[in-house]
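S.K.: coords below, sequence missing:
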């Protein structure tokens, strides 16, 4: 069978083989990129879906507008307002089938084969593949503990004139890094200076452990003239409420939102109205603040436990910035004392010792740093985290 | 903003303007392509979703496999077996976000810009736009009351060597036509002869009014050697249970299914597990046969009422085949007695008289027959159908 040329631009995931090993009995996994199922507010979601079927059974089960179910768009605008985006109307966002679909729609709407897109090195794996399927040539912008290095980013923008720049400014996957306020402003200013679209992917911003992170690019754009018209913002219910609902959203300039809506019409017609009506009822019931407080507390404890254990068990063999939110520790093997310095090598040894994580290499679209690794602290409890990191210490 | 080149291949829907007029008070609409919300088994779906949250809350709300939620794949394989596809394993299908996504994945997986795809003239509007977004050049194969004319189709295949042929063999949208058994066999045989992939889109096959239609291409492929390896079959819960769940599926040769799964991973990761687990519980509860019996009975009455009224009110001014299933009457204005002979003209006049339908023109990817129209009998009750057709009689 002759497949489309665009498939030549992607490879099946390098970490798929690793994931097959996760079924091995007794493995402690830091490999996943998902929230802990035990955090799900099952009864709250049950009530919300029952309420949706009671109040509006026709709408919840019928075809709906491609832009999204209007009561959910209203609730999401209010949710965003509660987080500081005061000037959003429901019409400024569309509902997407998870934020993965927002990325897909950005690719479909904007990327012609050969177009350049700048992403962080490292960045979300599925973003790399998603954009490459539309023929994008990806450019890697380096990061440090404060997120993307904006000086370097501006040089790359000037050199490559990308279709857009894709960033996860807050507790990025895999980097866990939090872009500093200063750099956030710099990003918006350079967007205006170079008239370059910025995509802010923000699935983790609500998962902070101490102080709230600096305002999102979306919120800051209100104070950088011209930047809102050059900004797309992707949000998601997946990390805070439930990935299984597949409810995400995208805020973007009107023209881009209209084109993305047209593309969505032919991608899946609309996001499940059953899931949308459930999410709308959940938000309307006012349950989100308590849910967020709960997940923040639990993940904060786990992040702390993982950081402490890594320092204790691996010492100078590993280097990382203690995460202030999100789901991940992004670490670098130092090779100190002749210990393993390659994440891919360590991943294989770790499996033998009964602990799994994802090596950092595949998260880079170019020039991978093979010493890196991503450790999720979200799904194992504190005791398992300690035991898993102890095994990692043996493996290293 | 500079959008992707692929957007130049589609136009915003010609019927969108028409749909804006549907809000006019008192309009009777035959324009929609959706089932009647009053048919939804709300209590059955409520029980199913509650059951899913009770039995498997983690799975129903967590990320899931891109291929689909395994218990749903099993239920769908059993559902297909109950309809005559005896040899399907759950692994032979993937779950899609409505069958619209199956079309999108076929486009993404198979179509390179400039590739040719043969579709029926007329065919489903969103198929035309979906494939064009991937750069397909569409070829129109003529139909009659028995579906696509297979002699003509084979000539077109030989001439254009298409990437694939897309057909809605059973109660097609908009044609309502049922491809005859003889022609079904001919399609499979020519697929093997020309080694051409056939896509069978089958959202309406369960909505028959009298005798069951001939076996699907999928079922028949068991008796045409080599044809199964050249067949993709798309199914959907939307017309029989609920469009709002966005649960469809695709059966295809293993290699194609694997590529489509990879593409789906970057389109929306997976279909809502909440919706999938709900659909799985619904099928498991054994409610589908009664639901199907109910919708068949109601739509049969409405189809009969519409056919009778059209003959009575429009007489020789209209020509159509009485549908044996599905949601649509596909008709042709004859111009007899100096009556209106253009569906686009009639659509405007009809709105003024208080009745709406979709003219046939936009359903053709080439050489439109402007005398045609699509009338849905699904959403208006028998009394409204009679009144609406009487208004149509005045408009003509």
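M.R.: Yes, it's here. Computed from a predicted structure; not experimentally measured.

S.K.: please make it C-alpha for all contacts and neighbour counts, starting now.
M.R.: Will do.

S.K.: which outside residues touch stretch A:55-65?
M.R.: A:52-53, A:270, A:273-277, B:34-35, B:37-38, B:40, B:42, B:242-245 (Cα atoms under 8 Å, 6 or more residues apart in numbering or on different chains).

S.K.: ok, of these, which come out buried?
M.R.: For the contacts of stretch A:55-65, a burial check counting by 16 or more other Cα atoms under 10 Å in any protein chain shown picks out A:52-53, A:270, A:273-277, B:34-35, B:37, B:40, B:42, B:242-245.

S.K.: next secondary structure element downstream of the longest strand seen in chain A?
M.R.: Looking across chain A with DSSP state E, the single longest strand is strand A:137-144. Going down the chain from strand A:137-144, the next helix or strand is strand A:147-148, by DSSP states H and E.

S.K.: how far does that next one sit from the chain's center?
M.R.: 14 Å (Cα atoms, centre = their mean, to the nearest Å).

S.K.: before we move on, what about stretch A:260-277?
M.R.: The answer for stretch A:260-277 is 20 Å, by Cα atoms, centre = their mean.

S.K.: list the contacts of residue A:278.
M.R.: A:45, A:48, A:49, A:50, A:51, A:52.

S.K.: how about residue A:134?
M.R.: A:6, A:107, A:108, A:111, A:112, A:113.

S.K.: ok, and of these, which contact chain B?
M.R.: Among the contacts of residue A:134, the ones lying near chain B by Cα under 8 Å from any Cα of the partner chain are A:6, A:108, A:111, A:112.

S.K.: report the buried residues of the helix or strand harbouring residue A:383.
M.R.: Secondary structure from DSSP H and E places residue A:383 in helix A:382-395. For helix A:382-395, the neighbour count (16+ other Cα under 10 Å) marks A:382, A:384, A:385, A:386, A:388, A:389, A:390, A:391, A:392, A:393, A:395 as buried.

S.K.: nearest residue to the first one in space, please, no chain neighbours.
M.R.: Right, residue A:382. Nearest residue to residue A:382 in three dimensions, chain neighbours excluded: residue A:302, at 5.5 Å (Cα to Cα, 6 or more residues apart in numbering or on different chains).

S.K.: quick check, the one you found in contact with residue A:385.
M.R.: Yes: counting by Cα atoms under 8 Å, residue A:385 is a contact partner of residue A:302 at 7.4 Å.

S.K.: now do the shared contacts for the two.
M.R.: residue A:377.

S.K.: would you confirm that residue A:200 contacts residue A:232?
M.R.: Yes: judged on Cα under 8 Å, residue A:200 makes contact with residue A:232 at a distance of 6.1 Å.

S.K.: residues near the residue nearest to residue A:382, how many?
M.R.: Residues near residue A:302, counting by other Cα atoms under 10 Å in any protein chain shown, number 24.

S.K.: quick one: it is in a strand?
M.R.: No: assessed with DSSP: H, G, I helix; E, B strand; the rest coil, residue A:302 is helix; it does not lie in a strand.

S.K.: what pLDDT is listed against it?
M.R.: As predicted, residue A:302 sits at a pLDDT of 98.

S.K.: ok, now residue A:253?
M.R.: 98.

S.K.: can you check residue A:32 too?
M.R.: 88.

S.K.: need the contact list for it.
M.R.: Taking Cα under 8 Å, 6+ apart, one finds A:357, A:376, A:379 in contact with residue A:32.

S.K.: okay, now the first one: neighbour count?
M.R.: Going back to what we said before, that points to residue A:357. 26.

S.K.: now the strands for chain A?
M.R.: A:28-29, A:93-96, A:116-121, A:137-144, A:147-148, A:164-167, A:197-201, A:231-236, A:248-251, A:318-320, A:328-333, A:355-356, A:358-359, A:372-376.

S.K.: and residue A:387, how far from residue B:212?
M.R.: According to Cα to Cα, to the nearest Å, residue A:387 and residue B:212 sit 61 Å apart.

S.K.: swap in residue A:369?
M.R.: 61 Å.

S.K.: out of the two, which sits in the more crowded spot?
M.R.: residue A:369 (18 against 12).

S.K.: how much space between the more buried one and residue A:361?
M.R.: 6 Å.

S.K.: again, but for residue A:202
M.R.: Distance of residue A:202 to residue A:361, computed by Cα to Cα: 23 Å.

S.K.: check residue A:239 too.
M.R.: 24 Å.

S.K.: check residue A:180 too.
M.R.: Taken as Cα to Cα, the span from residue A:180 to residue A:361 is 25 Å.

S.K.: okay, these two: which has more neighbours?
M.R.: For the pair residue A:180 and residue A:361, the greater number of neighbours falls to residue A:361 (23 against 18), based on other Cα under 10 Å.

S.K.: wait, the more buried one sits on residue A:368?
M.R.: Yes: with contacts counted by Cα under 8 Å, residue A:361 reaches residue A:368, the gap being 5.2 Å.

S.K.: just the closest residue of the stretch 201-350 of chain A to chain B, please.
M.R.: Closest contact between the stretch 201-350 of chain A and chain B, by Cα to the nearest Cα, is at residue A:244 (4.1 Å).

S.K.: give me the nearest residue to that residue, chain neighbours excluded.
M.R.: residue B:61 is the one closest to residue A:244 (Cα to Cα, 6+ apart), at 4.1 Å.

S.K.: measure how buried that neighbour is and give me the count.
M.R.: Quick note: residue B:61 (other Cα under 10 Å) scores 27 neighbours.

S.K.: cool, and residue A:165?
M.R.: The burial count for residue A:165: 24, using other Cα under 10 Å.

S.K.: sorry, back to before: among the strands of chain A, which is nearest residue B:208?
M.R.: strand A:93-96 (33.9 Å; Cα to Cα).

S.K.: which strands and helices sit next to that closest one?
M.R.: When contacts are defined as 3 or more Cα pairs under 8 Å, 6 or more residues apart in numbering or on different chains; DSSP states H and E, strand A:93-96 sits against helix A:70-82, strand A:248-251, helix A:254-267.

S.K.: got the residues of the stretch 51-200 of chain A near chain B?
M.R.: A:53, A:57-64, A:97-101, A:103-104, A:108-112, A:126-127, A:129-130.

S.K.: again, 7 Å this time
M.R.: Neighbours of chain B within the stretch 51-200 of chain A, by Cα under 7 Å from any Cα of the partner chain: A:53, A:57-58, A:60-63, A:97-98, A:100-101, A:104, A:109-112, A:126, A:129-130.

S.K.: could you chop chain A up by domain?
M.R.: A:5-41+A:290-395, A:42-288 (automatic domain parsing).

S.K.: out of those, deepest packed?
M.R.: Greatest average neighbour count among those goes to domain A:42-288 (a mean of 22), per mean count of other Cα atoms under 10 Å in any protein chain shown.

S.K.: what's the span of that one from first residue to last?
M.R.: 13 Å.

S.K.: which parts of the stretch 1-150 of chain A are helices?
M.R.: A:16-20, A:42-55, A:57-61, A:70-82, A:98-110, A:125-133, A:150-160 (DSSP state H, counting those that start in this stretch).

S.K.: same deal with the stretch 201-350 of chain A?
M.R.: Under DSSP H, counting those that start in this stretch, the stretch 201-350 of chain A gives helices at A:217-220, A:254-267, A:273-284, A:288-314, A:343-353.

S.K.: so which elements touch the last one?
M.R.: The elements that helix A:343-353 packs onto, with contact taken as 3 or more Cα pairs under 7 Å, 6 or more residues apart in numbering or on different chains; DSSP states H and E, are strand A:358-359, helix A:382-395.

S.K.: do that again at 10 Å, thanks
M.R.: helix A:16-20, strand A:28-29, strand A:328-333, strand A:355-356, strand A:358-359, strand A:372-376, helix A:382-395 (3 or more Cα pairs under 10 Å, 6 or more residues apart in numbering or on different chains; DSSP states H and E).

S.K.: okay, those in TSV with distance to residue B:77 and mean pLDDT next?
M.R.: Listed next are those as TSV, based on distance: least, Cα to Cα, whole Å; pLDDT from 0 to 100:
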stretch	distance to residue B:77	mean pLDDT
helix A:16-20	25	65
strand A:28-29	32	96
strand A:328-333	38	97
strand A:355-356	34	96
strand A:358-359	34	94
strand A:372-376	36	97
helix A:382-395	38	98
